[in-house]
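A.B. asks: Everything below, folded, please.
(2 chains)
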Amino acid sequence: DVKVTQSSRYLVKRTGEKVFLECVQDMDHENMFWYRQDPGLGLRLIYFSYDVKMKEKGDIPEGYSVSREKKERFSLILESTSTNQTSMYLCASSTGTRQPQHFGDGTRLSIL
Amino acid sequence: QKEVEQNSGPLSVPEGAIASLNCTYSDRVSQSFFWYRQYSGKSPELIMSIYSNGDKEDGRFTAQLNKASQYVSLLIRDSQPSDSATYLCAVAGYSSASKIIFGSGTRLSIRP
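C.D. replies: Okay, here's the model as predicted:
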């Protein structure tokens, strides 16, 4: 079974703090993705990566950056948090384009 | 027009009946289609993948694809209360740079 592990289930931070969300997959998947999910807005893609050190902007990249230094690890960075970044953050991985994505358990981030 | 459209529901079905979930998509050259189940507060879980026209069955689940009509559906036979969840339809396009596009989901409620 594919295992996608996100470092935290719940996080509470204050506005202006820098936050790192870590994601690790154990299936040697090429592709990794970061989404946020908000009520009524569905899943929105923030960033994705098709290879080590490679990144592509998704639909809502503003206020976020990512890092992929190793194939199995994809980090989402919130440089200076704001309250509108309170959300459920989901990491996913897949073997390739047009293949299903497998999700981690998610991180519920609250910015106070 | 949204790229992947689903009725948000809630869809209420009596226990033991067939639940029918529908999804339409706008990209005519879409190649891969997925159904995810998401329980409240949890991450999406892949339940079905379908790549060619017709039906694909897996246990109580049947996915149906009609590319000419740009329509994909999920049937759940002998519905159980544990099937109560939000079901996300996801579609992957043709190009190598394509991403999976998720619908906003249909909330299904199985009443005892």
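
A.B. asks: quick one, phi psi at the residue most central in space within chain A?
C.D. replies: Taking CA atoms, centre = their mean, the centroid of chain A lies closest to residue A:34, which sits 2.9 Å from it. Backbone torsions of residue A:34, given as degrees, to the nearest 10, read phi -120, psi 130.

A.B. asks: Give me the pLDDT value at it.
C.D. replies: At residue A:34, the model reports a pLDDT of 97.

A.B. asks: near chain B, which residues of chain A show up?
C.D. replies: A:33, A:40-43, A:45, A:48, A:56, A:58, A:90, A:94, A:97-106 (CB under 8 Å from any CB of the partner chain). Yep, even glycine has a C-beta here, placed from its N, CA and C like the rest.

A.B. asks: Mark which of those residues are buried, thanks.
C.D. replies: A:33, A:42-43, A:45, A:48, A:58, A:90, A:94, A:97-104, A:106 (16 or more other CB atoms under 10 Å in any protein chain shown).

A.B. asks: can you pull the contacts of residue B:2?
C.D. replies: Taking CB atoms under 8 Å, 6 or more residues apart in numbering or on different chains, we find residue B:2 in contact with B:26, B:103-104.

A.B. asks: now swap in residue A:87 and tell me
C.D. replies: A:36-38, A:108-109.

A.B. asks: Write out the residues of chain B neighbouring chain A.
C.D. replies: Near chain A, when you scan chain B using CB under 8 Å from any CB, you find B:31-32, B:34, B:42-46, B:49, B:88, B:90, B:92-94, B:96-100, B:102-105.

A.B. asks: cutoff 10 Å now
C.D. replies: B:2, B:4, B:6, B:8, B:30-36, B:38, B:41-49, B:51, B:86, B:88, B:90-105 (CB under 10 Å from any CB of the partner chain).

A.B. asks: the bottom helix or strand of chain B by mean pLDDT?
C.D. replies: Using mean pLDDT, DSSP states H and E, strand B:100-102 stands out as the lowest-scoring helix or strand of chain B, at a mean of 91.

A.B. asks: low pLDDT regions in chain B?
C.D. replies: B:1, B:94-98 (pLDDT under 70).

A.B. asks: Where do the strands of it begin and end?
C.D. replies: Along chain B, the segments classed as strands by DSSP state E run B:4-5, B:11-14, B:19-25, B:32-38, B:45-50, B:54-58, B:61-66, B:71-76, B:85-92, B:100-102, B:106-111.

A.B. asks: next one: chain A
C.D. replies: A:4-6, A:10-13, A:19-25, A:31-38, A:42-49, A:56-57, A:65-70, A:73-78, A:87-94, A:102-103, A:107-111.
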